[in-house]
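K.L.:
got a sequence here, can you model it:
(one chain, ligands or ions: 1)
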Amino acid sequence: MRILIVEDEQKLAGILMRSLKGEGYAVDSTETVAEALDLVQSVHYDLVILDLLLPDSSGTSFLRSLRQQQQDVPVLVLTARTDIDAKVENFEAGADDYLTKPFAFAELLMRVRALLRRGPVVQKNTLKMADLELDRLTRQVRRAGQRIELSPKEYSLLEYLLLNPGRVLSRSMIIDRVWDHSFEGFTNIVDVYVRQLRKKVDESYEPKLIRTVRGLGYSIDLDAGQ
Ligand code: CA
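P.N.:
This is a model prediction of the structure:
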């Protein structure tokens, strides 16, 4: 899941970025409407977190442009304004949710999760394959009914695989979706994480679900066969 933060208050943007990355999301950030519009054209985002007062233009005008371009990415608006007129204006411009500054990070996180679950299309709460289950709201993973503890990145990787059952995902697709713009490591980071994930969700269970497709990447599949 990849999130774009559009916020010119550097301290807040920094906190949001670190916290959301800590939850395993891929996060990019920008301070201007112009750059945000460029980014949403070239990168697939699952959510935009949008401040309203930005140096070059308003968040509301960004929202209008976004919706005019038929971009249906969910947008969570952050603002210091509490008046109803501002709220109505932004909902009309295409905001999906609203949070008034200052806010508790725990609340932001619940709203982020709810919006990501909703997504541009109706998405299911629970992703399943065989006896493997991932709950997108509580972020709990179970195999054969047993709870499995995953790190945030392992969770994001598994979620991405389960959202694309049977589809081969290349290392660069995985990096693009699970890591973020600032990531400059090697694509073998994916192999490292897949190995860890397999150890947790596949090693002691049958059938094996995560499949290596030589030269191409990985998929999650009922006939993984190894
Ligand atoms: Ca601002």
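K.L.:
buried ones in stretch 14-34?
P.N.:
16-17, 20-21, 23-31, 33 (16 or more other Cβ atoms under 10 Å). C-beta coordinates here come from the backbone N, C-alpha and C atoms, glycine included.
K.L.:
any bit of the helix or strand where Val27 lies sitting next to the ion?
P.N.:
Assessed by DSSP states H and E, Val27 sits inside strand 26-30. No - Strand 26-30 lies apart from the ion when judged by Cβ under 5 Å from the ion; the minimum separation is 12.2 Å.
K.L.:
just to revisit the earlier point, quick check, nearest of the buried residues of stretch 14-34 to the ion?
P.N.:
Proximity of the buried residues of stretch 14-34 to the ion (Cβ to the ion) peaks at Glu31, which lies at 8.5 Å.
K.L.:
measure the residue lying closest to Asp56 once chain neighbours are set aside to the ion for me?
P.N.:
Once flanking residues are discounted, Asp56 sits nearest to Thr32: 4.7 Å by Cβ to Cβ, 6 or more residues apart in numbering. Using Cβ to the ion, to the nearest Å, Thr32 is found at 11 Å from the ion.
K.L.:
one more: Arg142?
P.N.:
The gap separating Arg142 from the ion is 41 Å, by Cβ to the ion.
K.L.:
look at that residue and report its pLDDT.
P.N.:
Arg142 carries a pLDDT value of 96.
K.L.:
and the helix or strand hosting Val77, what other elements does it pack with?
P.N.:
According to DSSP H and E, Val77 maps onto strand 75-79. For strand 75-79, the elements it packs on are strand 47-51, helix 59-68, helix 84-93, strand 97-100, helix 105-118, judged by 3 or more Cβ pairs under 8 Å, 6 or more residues apart in numbering; DSSP states H and E.
K.L.:
show me where pLDDT drops low in this structure?
P.N.:
For the chain, residues meeting the criterion pLDDT under 70 lie at 119-124, 181-185, 187, 223-226.
K.L.:
quick one, what contacts the residue of the chain found nearest the ion?
P.N.:
Per Cβ to the ion, Leu53 is where the chain lies closest to the ion, at 4.0 Å. For Leu53, the contact set (Cβ atoms under 8 Å, 6 or more residues apart in numbering) comprises Asp8, Gly59, Thr79, Ala80.
K.L.:
go again using 10 Å as the cut-off
P.N.:
Residues near Leu53 by Cβ atoms under 10 Å, 6 or more residues apart in numbering: Glu7, Asp8, Glu9, Gly59, Thr60, Thr79, Ala80, Arg81.
K.L.:
a markdown table for those, including neighbour count and distance to Arg67?
P.N.:
Below are the contacts of Leu53 laid out as a markdown table (neighbours: other Cβ atoms under 10 Å; distance: Cβ to Cβ, whole Å):
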| residue | neighbour count | distance to Arg67 |
| --- | --- | --- |
| Glu7 | 24 | 20 |
| Asp8 | 16 | 22 |
| Glu9 | 16 | 24 |
| Gly59 | 24 | 13 |
| Thr60 | 22 | 11 |
| Thr79 | 20 | 18 |
| Ala80 | 12 | 23 |
| Arg81 | 16 | 20 |
